[in-house]
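# Need coordinates for the following:
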Amino acid sequence: IAAKRPEWKIGIIGICVLSTAVLFSPARAQIETWQNSITLFEQALHVTKNNPIAQCNIGAHYLNRGDCEQAVPHFLKSLEMKRDFAPAYYGLAVCDSRGGNVAGAINYFGQAILIEPRSKMARLERGQLLMQHGRLEESVEDFRLVLEIDPENEIAHVQLGLIFLQQGKWDDAETHFSEALRANERSGEVHNNIGILRAAQGRMEEAIASFLKAQALMPGNLEIENNLRIVQARASR
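Just a heads-up that it's a prediction; the model follows:
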């Protein structure tokens, strides 16, 4: 415009300067809102009503920092606003699990799964919790359902492999360890598990090879080093 109407140039500059000055203050205030997750979602709560997502996200922020004492009230407030909000149940489940309340954690994971049956993380977490407490058949069901959602899920394959190894179902264990290795061939944990399986089968040379691979990928791991020593001693006898 100034190029076409040179006589307007000073006025246009004045308007631009004034506009910038007027916008500076609200822009600065808005930038303050974006400092971190807490300021962002607290602002969202301030300008909206019944915002379960913001409440849950504040809870998730504290959960990620390991502060369940601060996180739980926000998850509960989120559920007051929306009773079928799966992420809030998931957050409560993780907090109960970390606090040793197994029954509470399993219940909350179950609530999250009822609302979102294809919730991969809730099934993985619940499956591992059930597995730790000897409820193997229930955990197998969760891991199998995870694999229906995500056929290459390394964690589900590893956990199923460990369960079947514990039950002496070696062919099933080998299938899942092989799938886990296909998903992540540089997993020292999986090579270690395969070594344990080979040793249980009496295939000592193959077990040693697996433990050596695991050791190369996870140098200094005491469990792997101990497994390797035991198998080498058996092989030498």
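# Now do the contacts for Val190.
Applying C-beta atoms under 8 Å, 6 or more residues apart in numbering to Val190 gives the contacts 154, 158, 177, 180-181, 184. No exception for glycine: its C-beta is placed from N, CA and C like everyone else's.
# and if you look at Val140?
Each residue near Val140 by C-beta under 8 Å, 6+ apart is listed here: 127, 160, 163.
# Try it again at 6 Å.
By C-beta atoms under 6 Å, 6 or more residues apart in numbering, Val140 lies in contact with Ile163.
# which SS class is it?
What DSSP: H, G, I helix; E, B strand; the rest coil gives for Val140 is helix.
# For the protein, just list every one of the helices.
Using DSSP state H, the helices of the chain run over 9-33, 37-47, 52-64, 68-81, 86-98, 102-115, 120-132, 136-149, 154-166, 170-183, 188-200, 204-217, 222-236.
# Check these for me: which has the lowest mean pLDDT.
Of all the helices of the chain, the segment with the smallest mean pLDDT is helix 37-47, scoring a mean of 65.
# so Asn184 sits right up against Glu154, yeah?
Yes - contact criterion C-beta atoms under 6 Å: Asn184 and Glu154 qualify, at 5.1 Å.
# Looking at these two, which one has more neighbours?
It is Glu154, of Asn184 and Glu154, that has more neighbours when counted by other C-beta atoms under 10 Å, with 17 against 14.
# how about the most centrally placed residue in the chain, what does it touch?
Geometric centre of the chain, nearest residue: Met121, 6.4 Å, by C-alpha atoms, centre = their mean. Contacts for Met121 were tallied using C-beta under 6 Å, 6+ apart; there are none.
# Please report how far it lies from Leu76.
Met121 sits 20 Å away from Leu76, going by C-beta to C-beta, to the nearest Å.
# Can you give me the neighbour number for Leu222?
7.
# how far does stretch 178-193 sit from the chain's center?
Mean-position distance between stretch 178-193 and its chain equals 19 Å (C-alpha atoms, centre = their mean, to the nearest Å).
# quick one: buried residues of that stretch?
179-181, 183, 187-193 (16 or more other C-beta atoms under 10 Å).
# what does stretch 89-102 give?
Across stretch 89-102, burial judged by 16+ other C-beta under 10 Å covers 89-97.
# now, among the residues you listed, which is nearest to Asn221?
Using C-beta to C-beta, Ser97 comes nearest to Asn221 of these, at 25.3 Å.
# Report the spatially closest residue to the closest one, excluding sequence-adjacent ones.
Spatial nearest neighbour of Ser97, excluding adjacent residues (C-beta to C-beta, 6 or more residues apart in numbering): Ala105 at 3.9 Å.
# can you pull the contacts of that neighbour?
93, 96-97, 129.
# Out of those residues, give me the two with the largest separation.
Between any two of these, the greatest separation by C-beta to C-beta is 9.6 Å, found for Asp96 and Leu129.
# Can you read off the pLDDT for Ala3?
pLDDT, Ala3: 83.
# For it, grab the count of nearby residues.
Neighbours of Ala3 (other C-beta under 10 Å): 6.
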